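*Asks:* Based on what follows, work out the 3D shape:
(chains A and B, ligands or ions: 2)
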Amino acid sequence: MSSWDKIVKLLEDYYQTFLNGVISTLLLAIVGTGIGLLIGIIVALGRNIKIKETDRFIIKILKRVTKVLASIYVNFFRGTPMMVQAMIIFFGSSLFGINWTNMGSWWIFNGYMYCGLFVITINTGAYMSEIIRSGLNGIDKGQEEASRSLGMSYWKTMFLVIMPQALRNTLPTILNEYIVNVKDSSVLNVIGLTELYASVSIATNKNYFKVEGYIIIAIIYLVLTLLATLLVNIIQRKLDGKKIFINPFKHTKEVISYE
Amino acid sequence: MNKLILSIRNLKKYFDNNVVLDGISLDVNKGDVISIIGSSGSGKSTFLRCINRLEDSNDGEIYYYDDKKSYRIDNSAYYQKKKIKSDTRKRIKTLKIKKASKEEIFKVKKEGLNQLKSLKNKNDIVDINYVRSKVTMVFQNFNLFNNMDVLENCIIAQRKVLHRSYEEAKEIALTQLKRVGLQDRVNYRVNEISGGQKQRVAIARALCMNPEVLLFDEPTSALDPEMVGEVLDVIKELSSEGMTMIIVTHEMKFAHEVSTKVVFLDQGKVLEEGDPEQVFNNPKNSRTKEFLQRYIGSNK
Ligand SMILES: Nc1ncnc2c1ncn2[C@@H]1O[C@H](COP(=O)(O)OP(=O)(O)OP(=O)(O)O)[C@@H](O)[C@H]1O
Ligand SMILES: [Mg+2]
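*Replies:* Ligands and ions are numbered 1, 2, ... in the order given. The predicted model follows:
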């Protein structure tokens, strides 16, 4: 049997397994990146809090605690391998009375998947917060001051003026996090989650077509990441052009002439 | 006619131990155009930024007078409290060293407490954002919002601070943009217009808030020479319409023409103030003279 025949045979017999693997991997990457971005925004805001000398004592303490907690979170999840984080969370959760293994299962959804989603989300959140923070720091102080001097509050200034620009400027990096997640979700097989990488061991369990199995998923990973890279490039090119920009106003553009 | 709008009393500002504003007092009446001149580092920007409370002042008071109410803008109360506390503590310490009687020490304590109490009553400010919309600032570097076009730059604060409807805000924005001569640029992006136009948008954006006072911090210093004129013309127009303004500027000729009062700031102190004729043609202080000679001398 040639390698080509083995690949065809694997795809014929186990296409459902691979398909579920692809869907699981995409789910992990999309949810991880999406919710991770939200966490990243919140944590970045927490880390960027400024403690003013004139703040009340209790406010100063609350701000300091928030900053320290956010900083511990970011440094821990960026400084340790996701594989290790996954193991700690999967087995450590029992200390809090959470047992991932008896959560019921339907299709690709089961306790392993929920745990995997949790791990990849908070892991991504840590990276996202640093991306957002660099984006926020890249917006010149002047716009914030101008907004405040017109009477806009800190939060209005942040969400209508500063954050839209920070997101726009970091969008390519944010989407890159998605590509990283497509690939790195493979380490989550350590907790027993069958995403794309783990689907190979199921498909080659009896026939031992190991190499062919991994060639198949390598190609699938490549397609998934190349598609995302293509998307990043298109978006980047559009952003570099002048016309697209993030606008907090929802109304459509109209040309107004005034006489 | 002489309605007091802003009153600044003995304003002090330190950066660490560096005294930047050293007790500045200034009253601003409706319709006043006050130019602030002085060499680099004399504290002009810091003074404006304290009025807008972009910087916290350390001592002194700033009041804004509305039709109905007066607002204390500064938040130096924190520092004043701190000072009263440490002063009282010091006085008690020296009294103790002198072995003063208990009654004397008690008296000093009570004095301190009374000072603190009177401070609380004075501190009637709350809504700084409201005051900021009434006393608003135009910056040297325009600081337009880059994620919006010209029209939206003028609309957003009206919607979010004054809670005007979109239609109303748009109408006002168009009127103000026309006032600064930019009716044909309303849908341009910020990076598609020139520096002079940017500054005029910034002025229109401020005018949309119906401010009582406009603060200008070197509005033409970041502009190419050929664009300075268009911005100064807009400001002159505003002054002829009776707008109250405080303008920090290095354009002496303009300051001479437009102001009702000129203030010369040096090392955080008002060294000279008066009507422009007097300050420019007949300065009393030798430092003012020196400064003007450097400027006007090099301009001629
Ligand atoms: N954020 C800050 N931290 C520390 N020192 C500051 C800060 N801002 C200003 N200063 C100092 O305060 C002094 C006055 O600065 P300011 O910007 O008010 O001067 P200025 O009169 O506006 O000068 P210029 O004409 O150059 O704009 C300067 O010595 C400056 O170094
Ligand atoms: Mg300055």
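
*Asks:* Double-check residue B:203 against residue B:236; I have them as touching.
*Replies:* No - with contact defined as CB atoms under 8 Å, residue B:203 does not reach residue B:236; the gap is 11.9 Å. In this view, the C-beta of every residue, glycine as well, is placed from N, C-alpha and C.

*Asks:* which one of those two has more residues nearby?
*Replies:* Neighbours per residue (other CB atoms under 10 Å in any protein chain shown) separate residue B:203 from residue B:236, with residue B:203 holding more: 24 against 14.

*Asks:* The more buried one: what's it in contact with?
*Replies:* B:138, B:180, B:214, B:219, B:231, B:234, B:235, B:238 (CB atoms under 8 Å, 6 or more residues apart in numbering or on different chains).

*Asks:* give me the element residue B:295 is part of.
*Replies:* Per DSSP states H and E, residue B:295 falls inside helix B:286-299.

*Asks:* so where's chain A uncertain?
*Replies:* A:240-259 (pLDDT under 70).

*Asks:* residue closest to the middle of it?
*Replies:* Closest to where the C-alpha atoms of chain A average out (CA atoms, centre = their mean) is residue A:33, at 2.0 Å.

*Asks:* quick one, strands of chain B?
*Replies:* B:4-15, B:18-29, B:33-37, B:59-65, B:70-72, B:135-138, B:213-217, B:244-248, B:261-266, B:269-274 (DSSP state E).

*Asks:* looking at those strands, which has the lowest confidence?
*Replies:* Mean pLDDT is lowest for strand B:70-72 among the strands of chain B, at a mean of 86.

*Asks:* Quick one: list the elements packing against that strand.
*Replies:* If you count contacts as 3 or more CB pairs under 8 Å, 6 or more residues apart in numbering or on different chains; DSSP states H and E, strand B:70-72 packs onto strand B:59-65.

*Asks:* if we can go back for a sec, same list (the strands of chain B) but as a markdown table, adding distance to residue A:98.
*Replies:* A markdown table is the format used below for the strands of chain B (distance: least, CB to CB, whole Å):
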| stretch | distance to residue A:98 |
| --- | --- |
| strand B:4-15 | 52 |
| strand B:18-29 | 56 |
| strand B:33-37 | 64 |
| strand B:59-65 | 56 |
| strand B:70-72 | 53 |
| strand B:135-138 | 53 |
| strand B:213-217 | 57 |
| strand B:244-248 | 61 |
| strand B:261-266 | 65 |
| strand B:269-274 | 66 |
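
*Asks:* quick revisit: give me the contact list for the helix holding residue B:295.
*Replies:* Here helix B:286-299 has contacts from B:37-39, B:250, B:252-253, B:264, B:266, B:271-272, B:279-280, B:283, using CB under 8 Å, 6+ apart.

*Asks:* just how off-centre is it within its chain?
*Replies:* 24 Å (CA atoms, centre = their mean, to the nearest Å).

*Asks:* Would you mind listing the buried residues in that helix?
*Replies:* B:288, B:291, B:292, B:295 (16 or more other CB atoms under 10 Å in any protein chain shown).

*Asks:* Only alpha carbons, please: show it as CSV.
*Replies:* Provided in CSV are the C-alpha atoms of helix B:286-299 (Å, rounded to 0.1, in the frame of the first residue of the first chain):
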residue,chain,number,x,y,z
SER,B,286,12.5,95.6,33.3
ARG,B,287,12.0,91.9,32.6
THR,B,288,9.0,92.6,30.5
LYS,B,289,11.0,95.1,28.6
GLU,B,290,13.7,92.6,28.0
PHE,B,291,11.3,89.9,27.0
LEU,B,292,9.5,92.2,24.5
GLN,B,293,12.7,93.4,23.0
ARG,B,294,13.8,89.9,22.3
TYR,B,295,10.4,89.2,20.6
ILE,B,296,9.5,92.3,18.9
GLY,B,297,13.1,93.1,18.0
SER,B,298,13.5,89.8,16.2
ASN,B,299,10.1,90.2,14.5
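
*Asks:* can you tell me which residues contact residue A:186?
*Replies:* Contacts of residue A:186 (CB under 8 Å, 6+ apart): A:25, A:195, A:196, A:197.

*Asks:* and the second one, how many neighbours?
*Replies:* I take that to be residue A:195. Counted with other CB under 10 Å, residue A:195 comes out at 27.

*Asks:* So, low pLDDT: which residues of chain B?
*Replies:* B:1, B:120-126, B:296-300.

*Asks:* distance of the most centrally placed residue in it from residue B:62?
*Replies:* Nearest residue to the geometric centre of chain B (CA atoms, centre = their mean): residue B:48, 2.9 Å. Distance, residue B:48 to residue B:62, by CB to CB, to the nearest Å: 11 Å.

*Asks:* does stretch B:128-137 come close to chain A?
*Replies:* Yes - using CB under 8 Å from any CB of the partner chain, stretch B:128-137 reaches chain A at B:129, B:130, B:131, B:132, B:133, B:136, B:137.

*Asks:* correction: stretch B:15-33
*Replies:* No - for stretch B:15-33, no contact with chain A is found by CB under 8 Å from any CB; the gap never falls below 11.4 Å.

*Asks:* chain center to that stretch, what's the gap?
*Replies:* Using CA atoms, centre = their mean, the offset of stretch B:15-33 from its chain centre is 8 Å.

*Asks:* for stretch A:95-108, same thing?
*Replies:* That offset, for stretch A:95-108, works out to 23 Å (CA atoms, centre = their mean).

*Asks:* coming back round to it: return the subset of the contacts of residue B:203 lying in helices.
*Replies:* The helices in this structure, assigned by DSSP state H, contain B:231, B:234, B:235, B:238 from those.

*Asks:* Quickly note the distance from the third one to residue B:220.
*Replies:* So the one you mean is residue B:235. Relative to residue B:220, and taking CB to CB, residue B:235 is found at 9 Å.

*Asks:* Look at those two and report which has more neighbours.
*Replies:* Neighbour count, other CB under 10 Å: between residue B:235 and residue B:220, residue B:235 has more, with 26 against 23.

*Asks:* Could you find the closest non-adjacent residue to residue 228?
*Replies:* Reading this off chain A. Spatially, and ignoring its direct neighbours in sequence, residue A:228 is nearest to residue A:179 (4.9 Å; CB to CB, 6 or more residues apart in numbering or on different chains).

*Asks:* Sorry, I should have been clearer: chain B.
*Replies:* In this structure, residue B:228 finds its nearest non-sequential neighbour in residue B:220, 4.4 Å apart by CB to CB, 6+ apart.

*Asks:* That neighbour against residue B:199, yeah?
*Replies:* Yes - with contact defined as CB under 8 Å, residue B:220 reaches residue B:199; the gap is 7.4 Å.

*Asks:* Need the residues touching each of these two.
*Replies:* Contacts common to residue B:220 and residue B:199, judged by CB under 8 Å, 6+ apart, are B:227, B:231.

*Asks:* Residue A:168 sits in which helix or strand?
*Replies:* Short version, using DSSP H and E: residue A:168 is in helix A:163-184.

*Asks:* Show me what that helix is in contact with.
*Replies:* In contact with helix A:163-184 (CB under 8 Å, 6+ apart) are residues A:25-26, A:28-30, A:32-33, A:36-37, A:41, A:82, A:120, A:124, A:127-128, A:131-132, A:134-136, A:138-139, A:143, A:221, A:224-225, A:228-229, A:231-232, A:235-236, A:239, A:245-248, B:146-147.

*Asks:* what do you get for stretch B:25-34?
*Replies:* B:1-11, B:60, B:212-213, B:239, B:242-247, B:258-263, B:270, B:273.
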